[in-house]
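**Student:** With the input below, show me the fold.
(one chain, ligands or ions: 2)
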Amino acid sequence: MPPIEEAKHVSRWIDELAEQDYAIIDNFFEDDTLKLINTFFKGKELDFQPAKVGQASIEKRVPEIRTDLTYWLDRARDESLLPFFVKVESVREELKYGLFLSLQGYEFHFALYPSGGFYRPHLDQFDARSNRMISMIIYLNQDWHLGDGGELRIHKEGLEIDVQPIMNRCVIFRSDCLLHEVLKANKPRRSLTGWLLKRPSGVGVLGI
Ligand code: OGA
Ligand code: NI
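**Tutor:** Residues are numbered from 1 along each chain as shown. Ligands and ions are numbered 1, 2, ... in the order given. As a prediction, this is how the structure comes out:
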C-alpha cells in the first residue's frame, strides 16, 4: 500500500476512536501473520487456564462473571509471534502520535470461550488501578454466522451495539469508560485480547 493510503486508513479508525470511543478494523492482520497466530493458538489450547477477575493480588476465578479460558503471551518466550508484536507496536505508535496518548506497554492473551461461554457487562479498568488505557481484541473465528451468539455488545448512551466476532476483525476501544460484555456463545469462540498500558505491565501494579 502506498504511504498516503496507509495514512488515510490509519486516520479513519483513529478518528472513530476519538469520536465514539471505539473503532472496528476488518482484515487487521496480513495473511501470513494471521496464519501464524491461528496455528499458534491451536497448538496452545491445552495450556489455557480459566480466566480470573480483579487485580493481580486479589484476582479470582468467578464463573458467574466470565467463563473464558486464557493463555497470556510473553514477547520473549513466544518469539514465533514476533510479527504480531510488531503490529501491536505499530498500533501503539499510531495512538501515541494520533491521539497524544502516553502508552508504554501492553499485555495480551488468547481467549477461548467454550460453547455457552460469556462475559458479563464490565469496564476493562480495574477499580484500584487505571493502567489499561485501550482495549484491543482480534477475533479468530472462521465461519461465524448470525445465531452463533458470542457478539461483543457495547453499551453506549442507551444504545446496544453488537459486533460479530468474525475472523481477522479488530475492535479497539477505551478501557476506562466503555461498558461492554460478551453475549453467550453457542459454539467455541476464539480471540486475541489485550490492552495498551499507560505504564509497562508489572510496574506500579498497586499504583493508581
Ligand atoms: C475482555 C472482553 C470482549 C470480547 O476480555 O475484557 O471484554 O469480545 N472481551 O472478547
Ligand atoms: Ni472487557
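**Student:** can we go C-alpha only for contacts and neighbour counts from here?
**Tutor:** Will do.
**Student:** residue boundaries of the strands in the chain?
**Tutor:** With DSSP state E as the criterion, the chain has strands at 22-25, 49-50, 69-72, 105-113, 119-122, 132-139, 152-156, 159-163, 170-174, 179-182, 189-197.
**Student:** among these, which is nearest ligand 1?
**Tutor:** strand 152-156 (4.4 Å; C-alpha to the nearest ligand atom).
**Student:** Give the rounded mean pLDDT of that closest one.
**Tutor:** The average pLDDT for strand 152-156 rounds to 98.
**Student:** That strand: partners in the sheet, and parallel or antiparallel?
**Tutor:** strand 159-163 (antiparallel), strand 179-182 (antiparallel) (DSSP bridges).
**Student:** Residue numbers of this structure in contact with ligand 1?
**Tutor:** Contact residues, the chain versus ligand 1 (C-alpha under 6 Å from any ligand atom): 124, 152, 181-182.
**Student:** What's the local residue count around the spatially closest residue to residue 132 that is not a sequence neighbour?
**Tutor:** Spatially, and ignoring its direct neighbours in sequence, residue 132 is nearest to residue 197 (4.7 Å; C-alpha to C-alpha, 6 or more residues apart in numbering). Counted with other C-alpha atoms under 10 Å, the neighbours of residue 197 add up to 22.
**Student:** Provide a list of residues in contact with residue 197.
**Tutor:** 103-107, 131-134 (C-alpha atoms under 8 Å, 6 or more residues apart in numbering).
**Student:** Bridged to it, which residues?
**Tutor:** Beta-bridge partners, per DSSP bridges, of residue 197: residue 105, residue 132.
**Student:** residues contacting the most centrally placed residue in the chain?
**Tutor:** Closest residue to the average C-alpha location of the chain: residue 137 at 2.4 Å, with C-alpha atoms, centre = their mean. Applying C-alpha under 8 Å, 6+ apart to residue 137 gives the contacts 170-172, 191-194.
**Student:** Now distance to residue 141, neighbour count and pLDDT too, for those residues, in a markdown table please.
**Tutor:** Converted to a markdown table, the contacts of residue 137 look like this (distance: C-alpha to C-alpha, whole Å; neighbours: other C-alpha atoms under 10 Å; pLDDT from 0 to 100):
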| residue | distance to residue 141 | neighbour count | pLDDT |
| --- | --- | --- | --- |
| 170 | 12 | 22 | 98 |
| 171 | 14 | 22 | 98 |
| 172 | 17 | 21 | 97 |
| 191 | 8 | 24 | 97 |
| 192 | 11 | 23 | 97 |
| 193 | 13 | 19 | 96 |
| 194 | 17 | 22 | 96 |
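**Student:** re earlier: closest to residue 19 out of the contacts of residue 197?
**Tutor:** Ranked by distance to residue 19 (C-alpha to C-alpha), those are led by residue 134 at 14.3 Å.
**Student:** so who does that closest one touch?
**Tutor:** Here residue 134 is in contact with 172-176, 195-197 (C-alpha under 8 Å, 6+ apart).
**Student:** on that earlier part again, nearest spatial neighbour of the residue nearest to the centre of the chain, skipping sequence neighbours?
**Tutor:** Leaving aside its chain neighbours, residue 137 sits nearest to residue 193 (4.3 Å; criterion: C-alpha to C-alpha, 6+ apart).
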